[in-house]
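Enquirer: have a look at this fold, sequence not included:
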């Protein structure tokens, strides 16, 4: 089934540990995004990529890094997790920036 | 000021009722507008795009008011299955990213 897949679906992580959230899409979309969603704050953009090989910072990029080596994959890395990074993380893709975005099922991350 | 602001609600309505709510956006040159639906603990999904002339999809009607910089969503003949959080989404000009409102929660009761 075509779409966008995230892994893991949930994770409990010790503070200070490194973690990579995976995101893969098979729709050949150019643009990909990582959002975090916290109660009362809505979806906030962490990083984005308009096309393979390019990335950009969103609204809340500190503590996160991304790479876009190819069209399909857009991993998000937390170099040294902190409790404030406890959140639900959504990966999304769109054919081009500013158009309809399709979301993965989310990763629920708890940093303790 | 946030780029996109929504009344968080909740709007509690009986089945069959009509419910409507708005979303305001700060950048007057914004190009694209959408309403997304999000069910509890699930990913957001596109409900409908919002066009300048207004558009309708079944029981859902979306309107854009550029002069006052808001978009609206109206749900007629509410169903229990309409209970969800509705996210207003705006694409600012010269930007590839989408800006999301915090969402409006609608609960339809039997």
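Expert: That came in fine, so what should we check first? This one's a predicted model, so the numbers in the text were calculated from it and none came from an experiment. Numbers count the residues shown, from 1 in each chain, chains lettered A, B, ... in the order given.
Enquirer: show me the shaky parts of chain A.
Expert: The model of chain A has pLDDT under 70 over residues A:1-2, A:97.
Enquirer: which parts of it sit against chain B?
Expert: A:31, A:33, A:35, A:40-45, A:48, A:50, A:58, A:88, A:90, A:94, A:96-106 (Cβ under 8 Å from any Cβ of the partner chain). Using the backbone N, CA and C atoms, a C-beta is placed for each residue, glycine as well.
Enquirer: for chain A, which residue is closest to the average position?
Expert: residue A:34 (3.0 Å; Cα atoms, centre = their mean).
Enquirer: okay, now the sheet partners of the helix or strand that contains that residue, with direction.
Expert: Assessed by DSSP states H and E, residue A:34 sits inside strand A:31-38. If you go by DSSP bridges, strand A:31-38 pairs up with strand A:42-49 (antiparallel), strand A:87-94 (antiparallel).
Enquirer: residue B:43 reaches residue A:106, doesn't it?
Expert: Yes - applying Cβ atoms under 8 Å, one finds residue B:43 in contact with residue A:106, separated by 5.5 Å.
Enquirer: my read: residue A:38 touches residue A:87, true?
Expert: Yes - under the criterion of Cβ under 8 Å, residue A:38 makes contact with residue A:87 at 5.3 Å.
Enquirer: more neighbours, those two?
Expert: Each of residue A:38 and residue A:87 has its neighbours counted (other Cβ atoms under 10 Å in any protein chain shown); residue A:87 has more, 21 against 14.
Enquirer: what sits against the more buried one?
Expert: Applying Cβ atoms under 8 Å, 6 or more residues apart in numbering or on different chains to residue A:87 gives the contacts A:36-38, A:109.
Enquirer: run through the bridge partners of it.
Expert: The partner list for residue A:87 in beta bridges (DSSP bridges) reads residue A:109.
Enquirer: okay, and the common contacts of residue B:43 and residue A:106?
Expert: Both residue B:43 and residue A:106 are in contact with residue A:90, where contact means Cβ under 8 Å, 6+ apart.
Enquirer: residue numbers of chain B in contact with chain A?
Expert: So chain B meets chain A at B:8, B:31-32, B:34, B:41-46, B:49, B:87, B:91, B:95-103 (Cβ under 8 Å from any Cβ).
Enquirer: any quick PyMOL command for the buried ones out of these?
Expert: Here is the PyMOL command that selects the buried residues among these (16 or more other Cβ atoms under 10 Å in any protein chain shown):
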select buried, chain B and resi 32+34+43+44+87+91+96+97+98+99+100+101+102+103
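Enquirer: just the residues of chain B next to chain A: which are in strands?
Expert: Assigned to strands by DSSP state E, the following of those qualify: B:32, B:34, B:45-46, B:49, B:87, B:91, B:99-100.
Enquirer: where does residue B:30 sit relative to residue A:67, distance-wise?
Expert: Distance of residue B:30 to residue A:67, given as Cβ to Cβ, to the nearest Å: 30 Å.
Enquirer: quick one, which of these two is more surrounded?
Expert: Higher neighbour count among residue B:30 and residue A:67: residue B:30, with 21 against 15, using other Cβ under 10 Å.
Enquirer: before I go, just wanted to say thanks for your time.
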